[in-house]
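Student: Turn this into a structure:
(2 chains)
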Amino acid sequence: DAGVTQSPTHLIKTRGQHVTLRCSPISGHKSVSWYQQVLGQGPQFIFQYYEKEERGRGNFPDRFSARQFPNYSSELNVNALLLGDSALYLCASSLGQILEAFFGQGTRLTVV
Amino acid sequence: QKEVEQNSGPLSVPEGAIASLNCTYSDRGSQSFFWYRQYSGKSPELIMFIYSNGDKEDGRFTAQLNKASQYVSLLIRDSQPSDSATYLCAVNMANAGGTSYGKLTFGQGTILTVHP
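Tutor: Presented below is the predicted three-dimensional model:
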């Protein structure tokens, strides 16, 4: 069975641009969460979607948005990119809202 | 006070020894606890989860949870050089309304080095 898949794996953007990151959860999983991980730190929670509804939002500015589609895949959008948005963006899927979360390989975003 | 605290290390142990990784958390209402392993440049990999007080064993790994003292630990027996990685403790905490959803709060991770 395929695990969590994210695309793209690497991305270079210029300040002020916007970016869309994509995630496909494990088959049968209905919850998708997004995390940002900067070097030397643990992942920081951005959003959780369960059954296509936003169930949680972390302490990130409104430039960050996300959605979940009927097939449970998800997109994370970041507008007006800043240098500080450079990080590894991780998607995690789980069966239910609270159960064990499995991460994809991540998208490495570099803002120049 | 950080919500989830780990000693950043590095923790260095010889091959074959027991590695002990510790984590404390601030929210008494926390319900579930996870250990992830992250190799350099890779994404976190779930290795253990625990929900109830006591010990949970899975192969060479044992997770220990003490809710009264608000700590969770991970023991790795017969450590191997391939265990060298950053170990992340993650906690599912109740939100302000007292309910819980899928947010995981992570510690900063402990770097483990197993030397031959």
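Student: Report the separation between B:A19 and chain A.
Tutor: Relative to chain A, B:A19 is positioned 19 Å away (C-beta to the nearest C-beta, to the nearest Å). Quick note: C-beta positions are derived from backbone N, CA and C, even for glycine.
Student: Spell out which residues of chain B are next to chain A.
Tutor: B:4, B:31-32, B:34, B:36, B:42-46, B:49, B:88, B:90, B:92, B:95, B:100-109 (C-beta under 8 Å from any C-beta of the partner chain).
Student: So which of the residues you listed are in strands?
Tutor: Here DSSP state E is the test, and these give B:4, B:32, B:34, B:36, B:45-46, B:49, B:88, B:90, B:92, B:100-106 as lying in strands.
Student: could you flag which of those residues are buried?
Tutor: B:4, B:32, B:34, B:36, B:46, B:49, B:88, B:90, B:92, B:100-106 (16 or more other C-beta atoms under 10 Å in any protein chain shown).
Student: Considering the residues you listed, which is situated nearest to chain A?
Tutor: Checking these against chain A with C-beta to the nearest C-beta, the nearest one is B:F106 at 3.1 Å.
Student: In the sheet, which residues pair with the closest one? Tell me.
Tutor: Using DSSP bridges, the bridge partners assigned to B:F106 are B:A90.
Student: thinking it is in contact with A:G42, fair?
Tutor: Yes. B:F106 lies in contact with A:G42 (C-beta atoms under 8 Å); the separation is 3.1 Å.
Student: I'd like to know how many residues surround the residue in chain A that chain B sits nearest to.
Tutor: Here chain A gets closest to chain B at one residue, A:G42, 3.1 Å apart by C-beta to the nearest C-beta. A:G42 has 23 neighbouring residues, counting by other C-beta atoms under 10 Å in any protein chain shown.
Student: mind checking how far it is from A:Y35?
Tutor: 9 Å (C-beta to C-beta, to the nearest Å).
Student: A:S73 now?
Tutor: Note on A:S73: its distance to A:Y35, by C-beta to C-beta, is 17 Å.
Student: With neighbour numbers in mind, choose between the two.
Tutor: A count of neighbours by other C-beta under 10 Å puts A:Y35 above the other of A:S73 and A:Y35, at 28 against 16.
Student: Next, the angle strand B:100-106 makes with the lowest-mean-pLDDT helix or strand in chain A.
Tutor: Least confident element among the helices and strands of chain A, by mean pLDDT, DSSP states H and E: strand A:53-57 (a mean of 91). For strand A:53-57 and strand B:100-106, the angle between their directions (axes from the mean of the first three to the mean of the last three C-alpha atoms, to 10 degrees) works out to 40 degrees.
Student: Can you tell me what sits against the helix or strand just after strand A:53-57?
Tutor: Where DSSP states H and E defines the elements, the next helix or strand beyond strand A:53-57 is strand A:64-68. With contact meaning C-beta atoms under 8 Å, 6 or more residues apart in numbering or on different chains, strand A:64-68 is reached by A:32, A:34, A:46-47, A:49, A:52-54, A:74-79.
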